[in-house]
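Trainee: model the following, please.
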Amino acid sequence: MNLNGKITMAIRNFFKKYGRIILIVFVVWLIIFLINQYLKKRPKETSMINTYTPNNPIIDDGGNVPERYVGTINQTVETYFNYCNSKNYEQAYNMLTDQCKEYLYGNDVSLFQEYVDNIFTQNKIYNLQNYSNVDDIYIYDLVILDDIESTGTTEGYEPYKEKITLRKENDEFKISNQGYIESKPYNKFAEDENLKVTVKSKDISYTREGYNVTLTNKTDKYLVLVDNTLNKEITLNLGDQKRGTVNYSNASLVLNPGETRNEVFIFDKFYDDQKEPTEICIEDVRILEEYEESNEDTAGAASRMYSYTIKLK
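Mentor: This next block holds a predicted model:
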């Protein structure tokens, strides 16, 4: 037998002996190869990370909402929202705190109805996210959106967002809306021979504080408290800074001889900023024999100028 015949015989014997094993290995390899090719061509799935944690605060200094309250708070908001959505005004209104009813709506449900009708123009849905928690008051971001699945259109789509707070009143959670939080009595006062100022209370929203004050001119002269001759004429001392009022930027505040009047001093201040107001200061009280509103140079005519401080602590 020649060399070629021997080689051919050896190959036949090899495949006769190992051919089945080789076939199995080839089939397994082919299957693995085809699976790999399929996976390479298949679109990669994007991993969705859900960071929506509605009861974990964005501002976490005050801690999380207590676990025992989570279910009740969520159910309270859902019930309130559904009442608004279905225009059950009375039921929704009765879920507000007494202070919210008085401060925002003057204890008039018809004003609350206007608020609801302005927002709930069609069927809505909502998202809820805890924002901050301070002194057993739980502040949430409430985002109200058009129910696209219900309406079938995105025309005019514009989310509405506001802060709402929840707190317990008589063992049940009540809501304050439109960023309002609460009103607090103050009963702080200061007095000298010219002026008496009583701080009766303050109204607190998430972004502002409004101090309700009574001012009495004890003299037979004019007292000029604000006329825009200074940058900040009435200030709130927060320890590390003084903030001017936001509601007297283009207004004057002058007390006529013997006059008593009620005013509100509004300052920018976040509810959860941990800054404690220490005093209100009228930076430049001017005493005038005569006063004309059109006269911009009132300071030059003043018989006396001084600062006046009302301690809040």
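
Trainee: next, the residue most central in space within the chain: secondary structure please.
Mentor: With distances taken as C-alpha atoms, centre = their mean, the residue of the chain nearest its centroid is Lys163 (4.2 Å). Three states are possible here, and by DSSP: H, G, I helix; E, B strand; the rest coil the one that applies to Lys163 is strand.

Trainee: what of Leu230?
Mentor: coil.

Trainee: you'd agree Gly210 is up against Asp268?
Mentor: No. When contacts are counted by C-beta atoms under 8 Å, Gly210 is not listed as touching Asp268 (10.9 Å). Using the backbone N, CA and C atoms, a C-beta is placed for each residue, glycine as well.

Trainee: and these two? Which one has more around it.
Mentor: More neighbours surround Gly210 than the other of Gly210 and Asp268, with 19 against 12 (other C-beta atoms under 10 Å).

Trainee: okay, that one and Thr216: tell me how far apart.
Mentor: Look at Gly210 and Thr216: by C-beta to C-beta, to the nearest Å, they are 20 Å apart.

Trainee: and Thr245, by the same measure?
Mentor: As for Thr245, its distance to Thr216 is 19 Å (criterion: C-beta to C-beta).

Trainee: also Lys168?
Mentor: Here the criterion is C-beta to C-beta. By it, Lys168 lies 38 Å from Thr216.

Trainee: wouldn't the residue nearest to the centre of the chain be in contact with Gly179 here?
Mentor: Yes. With contacts defined as C-beta under 8 Å, Lys163 counts as touching Gly179 at a distance of 4.7 Å.

Trainee: helices of this structure, start to end?
Mentor: 3-41, 67-85, 89-93, 98-105, 109-119, 148-151 (DSSP state H).

Trainee: which of the ones you listed has the lowest mean pLDDT?
Mentor: For those, the bottom mean pLDDT is recorded on helix 148-151, which sits at a mean of 60.

Trainee: alpha carbons of stretch 243-263, as PDB, please.
Mentor: What follows is stretch 243-263 as a C-alpha-only set of coordinates in PDB (Å, rounded to 0.1, in the frame of the first residue of the first chain):
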ATOM      1  CA  ARG A 243     -33.400  91.000  54.700                       C
ATOM      2  CA  GLY A 244     -35.600  93.800  53.500                       C
ATOM      3  CA  THR A 245     -39.300  93.700  53.000                       C
ATOM      4  CA  VAL A 246     -40.600  92.600  49.600                       C
ATOM      5  CA  ASN A 247     -43.900  94.500  49.700                       C
ATOM      6  CA  TYR A 248     -42.600  98.100  50.200                       C
ATOM      7  CA  SER A 249     -40.200  98.300  47.200                       C
ATOM      8  CA  ASN A 250     -42.300 101.000  45.500                       C
ATOM      9  CA  ALA A 251     -44.500 102.200  48.400                       C
ATOM     10  CA  SER A 252     -44.300 104.600  51.300                       C
ATOM     11  CA  LEU A 253     -45.300 104.100  54.900                       C
ATOM     12  CA  VAL A 254     -46.000 107.400  56.700                       C
ATOM     13  CA  LEU A 255     -48.000 107.700  60.000                       C
ATOM     14  CA  ASN A 256     -50.000 110.800  60.400                       C
ATOM     15  CA  PRO A 257     -50.000 112.600  63.800                       C
ATOM     16  CA  GLY A 258     -51.700 110.300  66.300                       C
ATOM     17  CA  GLU A 259     -52.500 107.600  63.700                       C
ATOM     18  CA  THR A 260     -52.800 103.900  64.400                       C
ATOM     19  CA  ARG A 261     -52.800 101.500  61.500                       C
ATOM     20  CA  ASN A 262     -52.300  97.800  60.700                       C
ATOM     21  CA  GLU A 263     -49.600  96.700  58.300                       C
END
